[in-house]
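>>> Below is the sequence, then the predicted model.
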Amino acid sequence: MSNRVGSVNAGRRPLAPGKMCLSTESRTVNIDLLLQRVQFCRTALTGASNELKRDPEFILKVMSLNGSALKLVNPEFKEDKKVVLAAVRQNGNALCHAHENLKKDKDVVLAAVTQNFGALRHANGGLKKDKDVVLAAVRQNRNALCYAHEDLKKDKDFLLALESIVNPLNTSGT
């Protein structure tokens, strides 16, 4: 009976397909099955019990399977760096659901833009000026440059580094 939560749904109305509820009072659901569903559809998380939704280990597993589920977690998890890192490593655009403080965190934003260059648009403005962050995003996709701060686009050192990424065969320095 490993990974089972709750009691048998004896004599109660059956659950509708896709409506999973983990309740110690009336329903039984296999956590592995729930995680499998969350992997493909973040809204499957809404069927988890409140107790499970407050479990940091469970939430970390969910984030590693479907980072976009960050949108649906309790607010305290949106402020938790470990949870947000797991989410953005799986789906960089999950950064848009992170707490504002973590959108200023270089480690979090680097992980996000490395997974998906478009996450740069959700980063705090200060990190859109950060050479390391923007170059990491550009390495993922050259279109990331459109999200970079205008001041950075005028920086000579940044432009040289950018040239080595965009045109790696040009070793002449011109």
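Cool, the structure landed.

>>> Could you use CA atoms for every contact and neighbour count after this?
Will do.

>>> who does the helix or strand encompassing Met63 touch, helix- and strand-wise?
Following DSSP states H and E, the helix or strand that holds Met63 is helix 56-65. Packing partners of helix 56-65 (3 or more C-alpha pairs under 8 Å, 6 or more residues apart in numbering; DSSP states H and E): helix 31-40, helix 81-90.

>>> For the helix or strand following the last one, give me every contacting residue.
Using DSSP H and E, the helix or strand that follows helix 81-90 towards the C-terminus is helix 106-115. Under the contact criterion C-alpha atoms under 8 Å, 6 or more residues apart in numbering, helix 106-115 has outside partners 81, 84-85, 88-95, 102-103, 119-120, 123, 127, 133, 136-137, 139-140.

>>> same thing with stretch 149-162?
In contact with stretch 149-162 (C-alpha under 8 Å, 6+ apart) are residues Gly125, Lys128, Lys129, Asp130, Lys131, Leu135, Val138.

>>> would JSON lines of the helices and strands packed on helix 56-65 with distance to Asn50 be doable?
JSON lines is the format used below for those (distance: least, C-alpha to C-alpha, whole Å):
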{"stretch": "helix 31-40", "distance to Asn50": "14"}
{"stretch": "helix 81-90", "distance to Asn50": "17"}
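
>>> Generate JSON lines for these, with distance to Asp151 and mean neighbour count as supplementary columns.
Converted to JSON lines, the helices and strands packed on helix 56-65 look like this (distance: least, C-alpha to C-alpha, whole Å; neighbours: other C-alpha atoms under 10 Å):
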{"stretch": "helix 31-40", "distance to Asp151": "39", "mean neighbour count": "17"}
{"stretch": "helix 81-90", "distance to Asp151": "26", "mean neighbour count": "24"}
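
>>> closest to Phe58 out of the ones you listed?
When these are compared by C-alpha to C-alpha, helix 31-40 sits nearest Phe58, at 8.9 Å.
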